[in-house]
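need coordinates for the following:
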Amino acid sequence: MVTLQQIAPQEIEAESFRIIERELGPTAFSPEEFAVVRRTIHATGDFSFAENLRFHPQAVTTGLAAIRAGKNILVDVNMAASGISAALLTRFGGRVICRVAEADTVAMAKQNGTTRSDAAMARSIADNIGIVAIGNAPTALLKVMELIEQGLFAPNLVIGVPVGFVNASESKELLAQKNYPFITALGRKGGTPVAVAAVNALLRLA
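The predicted structure is shown next:
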């Protein structure tokens, strides 16, 4: 027989967080990093993210600074744009940008023989981007790293957690070796819910 917990709607998230904390036990994450890890597990139901999430030492600090400075957040898919808390972000003056479905992006991708995700990143370098959050397209993450290496793009934080089997793990392994601020999830696991969870955790910390 299944016994359901009777919990007030406003307490569900808090109780979920308590369960996560209890089942995880002590971790080596800082309190701010743990806030990201906890929300990621909450979004996915997957405790393995406590093992495969990686943080540059300045990731949280620079991400919070970008949010508080009113900078924008660049994402690779519209699903991510829908999931990020606009109510929290607009308090600081920023907005979410996603150009993957725009006609100019489609045209650029066709002209250059690239994916739309690649073209969308290239078209956004002048949009006052503080955080890049990629959960779907490895080509978007690879393009962001290329643009940074070329000195054409300088976001404060790169959240790179694309999911999949073709260049997903490899792109995140490359990101984990960078000396600029990043949050990534090693291996094949990741996805838009992970990218959104990381951003929303930072918005709440801010």
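
could you point out the longest strand of the protein?
As assigned by DSSP state E, the longest strand anywhere in the chain is strand 129-134.

got the CA positions of that strand in CSV?
Extracted C-alpha coordinates of strand 129-134, given in CSV (Å, rounded to 0.1, in the frame of the first residue of the first chain):
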residue,chain,number,x,y,z
ILE,A,129,25.9,38.6,-22.0
GLY,A,130,26.9,37.8,-18.5
ILE,A,131,26.0,34.1,-18.4
VAL,A,132,25.8,31.5,-21.2
ALA,A,133,23.7,28.5,-20.3
ILE,A,134,23.8,25.6,-22.7
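
make 854 the first number, not 1, from now on.
Okay, residue one is now 854; in that scheme the one you just asked about reads as strand 982-987.

other SSEs contacting that strand?
helix 912-921, strand 925-928, helix 991-1002, strand 1010-1013, helix 1045-1058 (3 or more CB pairs under 8 Å, 6 or more residues apart in numbering; DSSP states H and E). In this view, the C-beta of every residue, glycine as well, is placed from N, C-alpha and C.

mind putting those into TSV with mean pLDDT, mean neighbour count and distance to residue 904?
Shown next, in TSV, are the helices and strands packed on strand 982-987 (pLDDT from 0 to 100; neighbours: other CB atoms under 10 Å; distance: least, CB to CB, whole Å):
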stretch	mean pLDDT	mean neighbour count	distance to residue 904
helix 912-921	98	21	17
strand 925-928	98	27	25
helix 991-1002	97	22	21
strand 1010-1013	98	29	17
helix 1045-1058	97	24	14
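
how about those in JSON lines, adding distance to residue 967?
Shown next, in JSON lines, are these (distance: least, CB to CB, whole Å):
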{"stretch": "helix 912-921", "distance to residue 967": "27"}
{"stretch": "strand 925-928", "distance to residue 967": "17"}
{"stretch": "helix 991-1002", "distance to residue 967": "7"}
{"stretch": "strand 1010-1013", "distance to residue 967": "18"}
{"stretch": "helix 1045-1058", "distance to residue 967": "21"}
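
so which of those is nearest residue 1023?
helix 991-1002 (7.5 Å; CB to CB).

about what we covered before: which one of the helices and strands packed on strand 982-987 lies closest to residue 980?
Of all those, strand 925-928 sits nearest to residue 980, with 5.7 Å by CB to CB.

pull up the pairing partners for the closest one, direction included.
Strand 925-928 pairs in its sheet with strand 949-950 (parallel), strand 982-987 (parallel), by DSSP bridges.

quick one: find the helix or strand in the chain with the lowest mean pLDDT.
The weakest-scoring helix or strand in the chain, judged by mean pLDDT, DSSP states H and E, is helix 865-877 (a mean of 91).

so for the longest strand of the chain, mean pLDDT?
Mean pLDDT, strand 982-987: 98.

ok, residue 976 - contacts?
By CB atoms under 8 Å, 6 or more residues apart in numbering, residue 976 lies in contact with 952, 955, 957, 958, 961.

kindly provide the distance from it to residue 952.
As judged by CB to CB, to the nearest Å, residue 976 and residue 952 stand 5 Å apart.

touching both of these two, which residues are there?
Applying CB under 8 Å, 6+ apart, one finds that residue 976 and residue 952 are jointly contacted by residue 958.
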